[in-house]
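> Sequence and predicted structure are below.
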Amino acid sequence: MKDNAVLELHNIHKSFPGVKALNGVEFTLRKGEIHALMGENGAGKSTLIKVLTGVYTKDEGEILLEGHEGPVSIKSPQDAQHVGISTVYQEITLCPNLSVAENMYIGRSDDILQNWKKMNEGAGKMLESLDIPAKPTQQLGTCSIAVQQMVAIARAVDMDCKVLILDEPTSSLDDQEVQKLFKLMRDLKERGVGIIFVTHFLDQVYEVCDRITVLRDGKFEGEYEIKDLPRVELVSKMLGKELDDLSDIKGDSEVKVISDGDIPVFEVQGLSSTSGIKPFDFHIGKGEVNGFTGLLGSGRSECVRAIFGADKVISGKVIKNGKEIKIQKPIDAMKNGIGYLPEDRKIDGIVGDLSVKDNIILALQVMKGFFKPFTKAEAYAFADEYIKLLGIKTASADTPIKSLSGGNQQKCILARWLLTHPDYLILDEPTRGIDVGTKVDIQKLVLKLASEGMSITFISSETDEMLRTCSRMVVMRDRKVVGELSGDDLNQTKIMSTIAGGEA
């Protein structure tokens, strides 16, 4: 093994049916370092963590660990724990109804669990040594999320872990709680623990990490010292866009912004929600296509969910055509002419067991009221119209939507909202996971709807297609708006430098 290395992964491969999730990945973790594992959605971060913790079995490659002769075999989470690898996930996996001490020792020797005095004394010493503000006898559920995270970390440390994996540990924490967690991470670093830190927050990476490994499309892109990798280059490597190759790639179709005086169709002022986004301002004109851009986890989806009332709004106001309106839940947004195609069509979009017809008429039926159902003839007329209009490939309107391809499911959700004739349509990742031909169809439809006067917000992880459709972009970083680009500034280089914090 390399000098001072506690963990090495070499040539790691993992495939699933039709997908090469990891393709020759390399990773080295040293003693007493905090090492960021970075990559966009689908880069392979989660799969690599699951291989390392025994949730998945690798297809090829080797894992080397300090103190072991030759490669180690990790076939289960218990194997990982036995060799000194512990993981603390974003979602707390402890038992909130048990005490802090019980959570720290659960799953360990029955002797200590039956000796309450010894268990509480041991937990107390560990909590004190790590400066964690909790008592051994305190019920875990009464602690803040940050303290619960720290208890999970204390449990891992007390089990003599050499490698600690923190998977998105700060996503539910406020700024003060993040600083407490960072203090604990630095204390563990001083003790020689190697920490793998998975996060989407660039500011946090540059505040607490020593090195960065970047994955892209399941492949190892590179390993870098934090001081040698400016933020804009990190963004470039994650997205796979070299700075000197970037250019304005707007297609032949320019978006026409239809001016309707100086009053936006929709506007929000100081809007924030329980999802943790900082207060933001936003507006959209009639016939305009704009978008929210930023890395995964930057707050793009949270902004539009707040506008639609899908997340609880805690501050700010929404204005339609110059007059303030109240949007406290999605039905309020729908009645004010807003449609929303969500990011995850499987969870928040389709109703899998219902037919194509029932999925298409769903939003309009909700607005009308379920005690006033459409006639059978009306429902089929609506469905047939949009199946034809959007070219939805289905055997019939009665086909269960779950049997359609991803692209055709997406078209059904689009049809659902177009049937309500919205003034403002929000499309969050409308082309994710669908074929190239359908992507082009959806992009053309967006431009056509805008030319007819509909206002559209378009969000995509693929900046290229946003540049083809949007005339203005709001740039997000770490759940706050950090810039707005339009005109000559609307290009890959400017977007990436703004995401990175203004670096050239």
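Received the coordinates, thanks.
> drop to CA atoms for contacts and neighbour counts, all remaining ones
Will do.
> so what does the host helix or strand of K388 touch, helix or strand wise?
Using DSSP states H and E, K388 falls within helix 376-390. Under the contact definition 3 or more CA pairs under 8 Å, 6 or more residues apart in numbering; DSSP states H and E, helix 376-390 sits against helix 356-368, helix 406-418.
> OK, contacts around I459?
Contacts were defined as CA atoms under 8 Å, 6 or more residues apart in numbering; by that measure I459 touches 291-293, 300-301, 427-430, 466.
> Does the spatially most central residue of the chain belong to a helix, a strand or coil?
For the chain, the residue sitting closest to the mean C-alpha position, by CA atoms, centre = their mean, is G297 at 4.3 Å. Secondary structure, DSSP: H, G, I helix; E, B strand; the rest coil: G297 is coil.
> how far away is it from C95?
27 Å (CA to CA, to the nearest Å).
> still on that earlier bit, which member of the contacts of I459 is positioned nearest Q139?
For the contacts of I459, the minimum distance to Q139 (CA to CA) is 34.4 Å, reached by S301.
> burial of that closest one, as a residue count?
Under the neighbour criterion other CA atoms under 10 Å, S301 is assigned a count of 22.
> Likewise for the one 10 residues further on?
Taking other CA under 10 Å as the neighbour definition, D311 ends up with a count of 19.
> my read: it touches C303, true?
No: under the criterion of CA atoms under 8 Å, D311 is not in contact with C303, lying 9.2 Å apart.
> Confirm that G316 sits in a strand.
Yes: secondary structure of G316 (three-state DSSP): part of a strand.
> Quick check: it touching S273?
No: no contact is recorded between G316 and S273 when judged using CA under 8 Å, the distance being 9.1 Å.
> if you count what's nearby, which of these two comes out ahead?
A count of neighbours by other CA under 10 Å puts S273 above the other of G316 and S273, at 21 against 14.
> show me what contacts the more buried one?
For S273, the contacting residues are 306, 311-315, taking CA under 8 Å, 6+ apart as the criterion.
> Quick check: closest non-adjacent residue to it.
The spatial neighbour of S273 that comes closest, neighbours along the chain excluded (CA to CA, 6 or more residues apart in numbering), is V313 at 4.1 Å.
> So which helix or strand of this structure has the lowest pLDDT on average?
The least trusted helix or strand in the chain, going by mean pLDDT, DSSP states H and E, turns out to be helix 110-114, with a mean of 62.
> helix or strand right after that one?
helix 116-129.
> Packing partners of the helix or strand just after that next one?
Using DSSP H and E, the helix or strand that follows helix 116-129 towards the C-terminus is helix 145-158. Of the remaining helices and strands, those touching helix 145-158 by 3+ CA pairs under 8 Å, 6+ apart are strand 85-88, helix 100-105, helix 116-129, helix 175-190.
> Mean neighbour count, mean pLDDT and distance to T57 for the ones you listed - can I get that in TSV?
Formatted as TSV, the entries for the helices and strands packed on helix 145-158 read as follows, by neighbours: other CA atoms under 10 Å; pLDDT from 0 to 100; distance: least, CA to CA, whole Å:
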stretch	mean neighbour count	mean pLDDT	distance to T57
strand 85-88	24	90	15
helix 100-105	25	89	27
helix 116-129	16	88	33
helix 175-190	16	88	29
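> can you list the ones you listed in JSON lines and add distance to L354?
Rendered in JSON lines, the data for the helices and strands packed on helix 145-158 read as follows (distance: least, CA to CA, whole Å):
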{"stretch": "strand 85-88", "distance to L354": "38"}
{"stretch": "helix 100-105", "distance to L354": "43"}
{"stretch": "helix 116-129", "distance to L354": "52"}
{"stretch": "helix 175-190", "distance to L354": "43"}
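> ok so, going back, state the distance from the residue nearest to the centre of the chain to L341.
Counting by CA to CA, the gap from G297 to L341 is 18 Å.
> D423 now?
Counting by CA to CA, the gap from D423 to L341 is 14 Å.
> same question, V55
V55 sits 33 Å away from L341 when distances are taken as CA to CA.
> residue contacts, A363?
Residues counted as contacts of A363 (CA under 8 Å, 6+ apart) are 416-417, 420.
> Closest one to L490 out of those, please.
Distances from L490 to those, taken as CA to CA, are shortest for W417 (28.5 Å).
> Give me the spatial nearest neighbour of that closest one, chain neighbours excluded.
By the measure of CA to CA, 6+ apart, the closest residue to W417 outside its immediate chain neighbours is G339, 5.6 Å from it.
> swap in A5?
Spatially, and ignoring its direct neighbours in sequence, A5 is nearest to R30 (4.1 Å; CA to CA, 6+ apart).
> V205 now?
Spatial nearest neighbour of V205, chain neighbours left out: A36 (6.6 Å); criterion: CA to CA, 6+ apart.
> Quick one: end-to-end length of stretch 219-232, please.
In terms of CA to CA, the two terminal residues of stretch 219-232 are separated by 20 Å.
> I misspoke; the intended subject was stretch 313-330.
Taking CA to CA as the measure, stretch 313-330 stretches 12 Å from start to finish.
> And that stretch, how far out from the chain middle?
How far stretch 313-330 lies from its chain's middle: 25 Å, per CA atoms, centre = their mean, to the nearest Å.
> Show me the contact partners of that stretch.
Counting contacts by CA under 8 Å, 6+ apart, the residues touching stretch 313-330 from outside are 263-274, 279, 306-312, 332-333.
> again, but for stretch 43-57
For stretch 43-57, contacts defined as CA under 8 Å, 6+ apart pick out 14, 21-22, 37-39, 58, 74-81, 85-87, 198, 215-219.
> What of stretch 337-347?
Applying CA under 8 Å, 6+ apart, the set of residues contacting stretch 337-347 is 301, 308, 333, 348-349, 352, 409-410, 413-414, 417-418, 420-430.
> burial count for the residue nearest to A5?
So R30, with other CA under 10 Å, has 22 neighbours.
> so where is the stretch 351-500 of the chain shaky, pLDDT-wise?
Along the stretch 351-500 of the chain, segments meeting pLDDT under 70 span 433-438.
> Please repeat the previous calculation with a cut-off of 80.
Confidence mapping of the stretch 351-500 of the chain against pLDDT under 80 gives the ranges 370, 405-407, 432-441, 461-462, 464.
> With the stretch 51-200 of the chain instead?
Using pLDDT under 80 as the threshold, the predicted model of the stretch 51-200 of the chain has low-confidence ranges 89-93, 107-115, 157-160, 171-177, 200.
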